[in-house]
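Undergrad: Got a sequence here, can you model it:
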Amino acid sequence: MGKGAIRYAKMLGIKTIATVRSSANVEVLKKLGADQVLLTTAETLKEALKQTTKALQATVLLDAVADIDTPTIMSCMPNGRTAIVYGRLTETQHPIGGQFSVADVIFRNQKIEGFWLATHIGSAKPWQVLALSRKVQKLFAQGIFQTDIYGQFNAQQFPQALEHYAAHKSDGKVILSFA
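TA: Next comes the predicted model:
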C-alpha cells in the first residue's frame with residue numbers, strides 16, 4: 001500500500017515523506033517518487049522529521065504499521081495534523097495508545113483517526129462503491145497500484161516461503177501454489 005500511495009500522491013502532485021525500517025528500501029522509495037525517505041533507526045530521525053515535515057508542510061500521516069514510530073512521527077509534525085491509521089503491520093503487541101502525548105492532542109490540535117476499508121464500503125451507497133472500484137481498477141491498469149511479487153513457492157516449500165517472507169517482507173508478496 002505504501003508504494004501505491006507514493007505513486008498516487010506523485011500523480012496528484014502531493015509531496016511525500018516515507019519512513020522505512022530498512023536502509024535497503026530507501027532507494028526503492030526514492031525511485032518511486034517519494035520526496036523524502038527517512039530511516040526510522042537513524043539517530044537523527046526526530047530532527048530530520050521535524051525539519052522535513054515543516055519544509056513540506058506535512059498535514060497527514062498515513063500509517064499501516066501502528067507501532068512505537070507512530071507517536072514519534074506525530075510528535076515531530078506541526079500543529080493541527082492528522083494521523084490516519086489503516087493497518088497494524090507491526091510484529092509486536094506494543095500498545096501504542098499509551099504512547100501518544102495527550103498534550104499534543106489537546107494543545108497542538110493533533111488528531112488520530114482510524115480507517116478500515118470494509119467499514120467505509122459498508123456505509124457507502126452502491127454507486128459510490130462502483131465509482132471507487134472503477135477508479136481503483138484504472139489506477140491498477142496505469143501501474144499506480146500494483147502488487148509486487150518477489151517469491152513463488154509450492155506447498156511443499158512452505159517453510160522456505162515463510163523464511164523468505166520474514167527476510168524480505170517489505171519487498172512485496174510471496175505466492176504459495178497448491179497446484
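
Undergrad: Next up, the contacts around residue 3.
TA: Contacts for residue 3 (CB atoms under 8 Å, 6 or more residues apart in numbering) come out as 28-29, 32, 146, 148. C-beta coordinates here come from the backbone N, C-alpha and C atoms, glycine included.

Undergrad: Export only the CA atoms of the helix or strand bottoming out on mean pLDDT in the chain, formatted as PDB.
TA: Least confident helix or strand, the chain: helix 102-107 with a mean of 77, by mean pLDDT, DSSP states H and E. Provided in PDB are the C-alpha atoms of helix 102-107 (Å, rounded to 0.1, in the frame of the first residue of the first chain):
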ATOM      1  CA  VAL A 102      -2.300  13.900  25.400                       C
ATOM      2  CA  ALA A 103      -0.800  17.400  25.500                       C
ATOM      3  CA  ASP A 104      -0.100  17.100  21.700                       C
ATOM      4  CA  VAL A 105      -3.700  16.000  21.000                       C
ATOM      5  CA  ILE A 106      -5.100  18.800  23.200                       C
ATOM      6  CA  PHE A 107      -2.800  21.800  22.800                       C
END
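
Undergrad: Now the element after that helix, going C-ward?
TA: With elements assigned by DSSP states H and E, the helix or strand that comes after helix 102-107 is strand 111-114.

Undergrad: looking just at contacts, which helices and strands does the helix or strand following that following strand meet?
TA: Counting by DSSP H and E, the element after strand 111-114 in chain order, helix or strand, is helix 117-123. Applying 3 or more CB pairs under 8 Å, 6 or more residues apart in numbering; DSSP states H and E, we find helix 117-123 packed against no helix or strand.

Undergrad: Now do the SS call for residue 57.
TA: coil (DSSP: H, G, I helix; E, B strand; the rest coil).

Undergrad: before we move on, the earlier item: nearest to residue 109, of the contacts of residue 3?
TA: Nearest to residue 109 among the contacts of residue 3 is residue 29, at 29.2 Å by CB to CB.

Undergrad: mind checking how far the closest one is from residue 22?
TA: 11 Å (CB to CB, to the nearest Å).
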